[in-house]
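> Give me the fold of what follows.
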Amino acid sequence: MDRIDEAILKLTGYGLATELIEPEDVIYIINQLLMTLGRDDFKGDSEQAEAYGKALLDDEKSLKDGSVLEDILKTLTDYAVEAGLTGGDSVVYRDLFDTKLMGVLTPRPSQVIEEFRELYAEDPKAATDWYYGFSQDTDYIRRYRIARDMKWQTETEYGDLDITINLSKPEKDPKAIAAAKKAPQTAYPKCQLCKENEGYAGRVNHPARENHRVIPLEIQGSPWCFQYSPYVYYNEHCIVFNSRHIPMKIERATFAKLFDFVKLFPHYFVGSNADLPIVGGSILSHDHFQGGHYTFAMEKAPIEREFSVPGYEDIRAGVVKWPMSCIRLDGPNPDRLVDLADHILTSWRAYSDPEASIYAETDGEPHNTITPIARRRGTDFELDLVLRNNLTTEEHPLGLFHPHEELHHIKKENIGLIEVMGLAVLPARLKQEMADVREAILSGADLRAKETTAKHADWVDAFLPEYKDVTERNIDDILQSEIGKVFAKVLEDAGVFKRDAAGQAAFDRFIKTL
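Predicted structure coming up:
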């Protein structure tokens, strides 16, 4: 049998094994795949596709880790590249095409929504379990790429911080970048979060989403949408976004919306990036939250000292033992938490303390905002409010409360919601750079002699004397531990009230104004 016909049968069998399609759909799906691949003839039948599906069910590991799907899609995309169907051979063009193939197998939005709602009526967790698996089975979440990410935890005084070197997000090659610049500019979809991405074919400067399905929600009486992140930096990493393309804004309604979500999905946390540049996320133009089913170090961090706000004595409030400046509110009534959170936000927006280098505004530009995170704690509701400030100075042009320059060799990017909670998303370049640093340390080579290691030389010189014996067996653990320690310092830099006595006294000065 022709290898392409066989791959078509295997992909159809995959659809059966993952229940993306039913046996009655097989002939239709085969014909749709033939059309997508520009083929008129076919040597195969529905019985063979069903046999492949049954065989896949017996190979559960390959089915669940996505490796079998990766192989099938590679075969079909290789053919498409050779046949001139893709426009190019880079990962950008390949992703556009293999997503089109998976779109053939992906059910219509109405079917997905119906299944989700039926499961939700029985149990919200059953609904999210199914939807998360579905989003992986459609290859919207590419499991085989996520598996490439380097992940570990580092023990610190703030708990076990999560570290990941992101290798799952493909880097564009120069040809694709050039093509994207030349591509006609379009405002559809307006951004990668807009609901109009559902089913969109994509282009060289916008990812394909034929295999993407979103779940509609009602949040504070308005239409919102729920989906998973294709890069899942942590378990069930979801995105909750406004159905309208409107900018991020931290306000009283934000806290109410966060609690609406955790009422709908009590097993999930949800948080929002701040709404100002530098301290905000990568997409400030579209109102959205991020959540999921994961316990970060921040959630485990204890209250260092409690305090009470006049008029809100029914709410437990305290300062969290965390490198960033975090106030935790806890109580059974989410409406009361919203009231106090709004009071704290209003106070913080207007707060200045020159002694602590905190200015509410300069030349009319506001600097103070909050990164909020909501969750259930048993029957109670909990809200973490992380105080943020985006002031820049001559000494720190990227941000005074931003990773300082001596840490940029590891982390230079903005500290958004995910990092705030204790998960470092580090750039892919570090994989090769750490391999080169490893080799240089073990061989005794000059770290400053090579471009990829020179930027790390001062760092290595500082920590290496602390280790009496560095060998092939322990070097990887040492490097991972030291990277984690750098991330802890990154978070301390981002904290508006420092962890020393002066910083905590300044924190208490703010609390007394509430």
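
> tally of neighbours for Asn368?
Asn368 has 24 neighbouring residues, counting by other CB atoms under 10 Å. All C-beta spots, glycine's among them, are computed from the backbone N, C-alpha and C.

> Who are the packing partners of the longest helix that the chain contains?
Assignment by DSSP state H gives helix 475-494 as the longest helix of the chain. Packing contacts for helix 475-494, counted by 3 or more CB pairs under 8 Å, 6 or more residues apart in numbering; DSSP states H and E, involve strand 150-156, strand 159-165, helix 417-420, strand 423-426, helix 429-443, helix 457-463.

> for it, which positions count as buried?
For helix 475-494, the neighbour count (16 or more other CB atoms under 10 Å) marks 475, 478-494 as buried.

> That one: what's the following helix or strand?
Counting by DSSP states H and E, the next helix or strand C-terminal to helix 475-494 is helix 501-512.

> For the protein, which residue occupies the most central location?
The centroid of the chain falls nearest to Tyr233 when counting by CA atoms, centre = their mean (4.7 Å).

> State the distance from it to Pro354.
37 Å (CB to CB, to the nearest Å).

> Same question for Asn166.
On the measure of CB to CB, Asn166 and Pro354 end up 38 Å apart.

> Show me which of the two is the more surrounded one.
Using other CB under 10 Å, the more surrounded residue of Asn166 and Pro354 is Asn166, with 19 against 7.

> Could you list everything the residue nearest to the more buried one when sequence neighbours are not counted pairs with in the sheet?
Nearest non-adjacent residue to Asn166, counting by CB to CB, 6 or more residues apart in numbering: Val425, 5.5 Å away. Residues in a beta bridge with Val425, per DSSP bridges, are Thr164.

> Hmm, Val425 is touching Ile418, no?
Yes. Counting by CB atoms under 8 Å, Val425 does reach Ile418; the two are 6.0 Å apart.

> any residues in contact with both of those two?
Tyr233 (CB atoms under 8 Å, 6 or more residues apart in numbering).

> These two - which one has more neighbours?
When Val425 and Ile418 are compared for neighbours, Ile418 comes out ahead with 22 against 19, by other CB under 10 Å.

> Quick check: that one vs Ile29, distance?
For Ile418 relative to Ile29 (CB to CB), the value is 37 Å.

> cool, and Ile478?
Taking CB to CB, one finds Ile478 at 51 Å from Ile29.

> just Met35 next, same as before
11 Å.

> Comparing those two, which shows the higher neighbour count?
Ile29 (21 against 11).

> What are the neighbouring residues in contact with the nearest residue to that one once chain neighbours are set aside?
Distances taken as CB to CB, 6+ apart place Thr12 nearest to Ile29, at 5.2 Å, with adjacent residues excluded. Contacts for Thr12 (CB under 8 Å, 6+ apart) come out as 21, 26, 29-30, 33, 49, 52-53, 105.

> Filter those residues down to the ones in helices?
Those of those lying in helices (DSSP H): 26, 29-30, 33, 49, 52-53, 105.

> Can you pick out the most distant pair from these?
Spanning the widest gap among these are Leu33 and Gly53, at 14.6 Å by CB to CB.

> so the longest helix of the chain versus helix 501-512, what angle?
Relative orientation of helix 475-494 and helix 501-512, computed by axes from the mean of the first three to the mean of the last three CA atoms, to 10 degrees: 50 degrees.

> neighbouring contacts of helix 475-494?
Taking CB under 8 Å, 6+ apart as the rule, helix 475-494 contacts 152-158, 161, 163, 279, 322-324, 388, 401-404, 407, 410-411, 415, 419-420, 422, 424, 426, 430, 434, 437-438, 441-442, 459, 463, 467, 470, 498-499.

> Quick one, which of the residues you listed are buried?
Neighbour-count burial (16+ other CB under 10 Å) applied to those gives 152-154, 156, 158, 161, 163, 279, 322-324, 388, 401-404, 407, 410-411, 415, 419-420, 422, 424, 426, 430, 434, 437-438, 441, 459, 498-499.

> which residues of the stretch 401-514 of the chain score low on pLDDT?
The model of the stretch 401-514 of the chain has no residue with pLDDT under 70.

> Skip ahead from the helix or strand bottoming out on mean pLDDT in the chain and say which helix or strand is next.
Using mean pLDDT, DSSP states H and E, helix 174-182 stands out as the lowest-scoring helix or strand of the chain, at a mean of 59. Sequence-wise, the next helix or strand downstream of helix 174-182 (DSSP H and E) is strand 215-219.

> What is that next one packed up against?
Counting by 3+ CB pairs under 8 Å, 6+ apart, strand 215-219 packs on helix 109-122, strand 222-228, helix 252-264.

> ok now that strand, how far from the chain's centre?
Centre-to-centre, strand 215-219 and its host chain are 20 Å apart (CA atoms, centre = their mean, to the nearest Å).

> between it and helix 109-122, how big is the angle?
Going by the same axes, to 10 degrees, strand 215-219 makes 60 degrees with helix 109-122.

> what are the pairing partners of strand 215-219, and which direction each?
Assessed with DSSP bridges, strand 215-219 is paired to strand 222-228 (antiparallel).

> Just give the nearest non-adjacent residue to Thr392, would you?
Per CB to CB, 6+ apart, closest to Thr392 is Gly399, 5.7 Å.

> Now do that neighbour, the pLDDT please.
Looking at Gly399, its pLDDT reads 93.

> Quick one: residues contacting it.
278-279, 390-392.

> Would you convert the residues you listed into CSV that also reports pLDDT, distance to Ala208 and secondary structure?
Output for those, formatted as CSV (pLDDT from 0 to 100; distance: CB to CB, whole Å; DSSP: H, G, I helix; E, B strand; the rest coil):
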residue, pLDDT, distance to Ala208, secondary structure
Ile278, 91, 31, coil
Val279, 92, 32, coil
Asn390, 96, 34, coil
Leu391, 96, 40, coil
Thr392, 95, 37, coil
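
> which regions of the stretch 101-250 of the chain sit below the pLDDT cut-off?
170-183, 185.

> Arg376 is nearest to which of the helices and strands packed on strand 215-219?
helix 252-264 (5.5 Å).

> Can you tell me what sits against the closest one?
124, 217, 219-220, 224, 240, 268-272, 289, 291, 334, 337-338, 341-342, 345, 372-376, 381, 383.

> The residue nearest to Arg375 when sequence neighbours are not counted: what's it in contact with?
In this structure, Arg375 finds its nearest non-sequential neighbour in Phe269, 4.0 Å apart by CB to CB, 6+ apart. Phe269 makes contacts with 262, 291-292, 294, 299, 373-375, as judged by CB under 8 Å, 6+ apart.

> Scan those residues and report the most crowded one.
Within the contacts of Phe269, neighbour counts (other CB under 10 Å) peak at Ala374, which reaches 30 neighbours.

> Verify the stated contact: that one with Leu417.
No. Counting by CB under 8 Å, Ala374 does not reach Leu417; the two are 11.8 Å apart.

> Quick check on the residue nearest to Pro332 when sequence neighbours are not counted: phi, psi?
What sits nearest to Pro332 in space, not counting adjacent residues and going by CB to CB, 6+ apart, is Asp380, at 5.3 Å. Phi and psi for Asp380, reported as degrees, to the nearest 10, are phi -90, psi 170.

> ok, the contacts of Phe269 vs Phe507, which is closest?
For the contacts of Phe269, the nearest to Phe507 is Ile373 (18.4 Å; CB to CB).

> okay, and the common contacts of Ala374 and Leu417?
Common contact partners of Ala374 and Leu417 (CB under 8 Å, 6+ apart): Gly271.

> The helix or strand encompassing Arg375: partners in the sheet, and parallel or antiparallel?
Here Arg375 sits within strand 368-377, counting by DSSP H and E. Note on strand 368-377: by DSSP bridges, its sheet partners are strand 269-271 (antiparallel), strand 380-389 (antiparallel).
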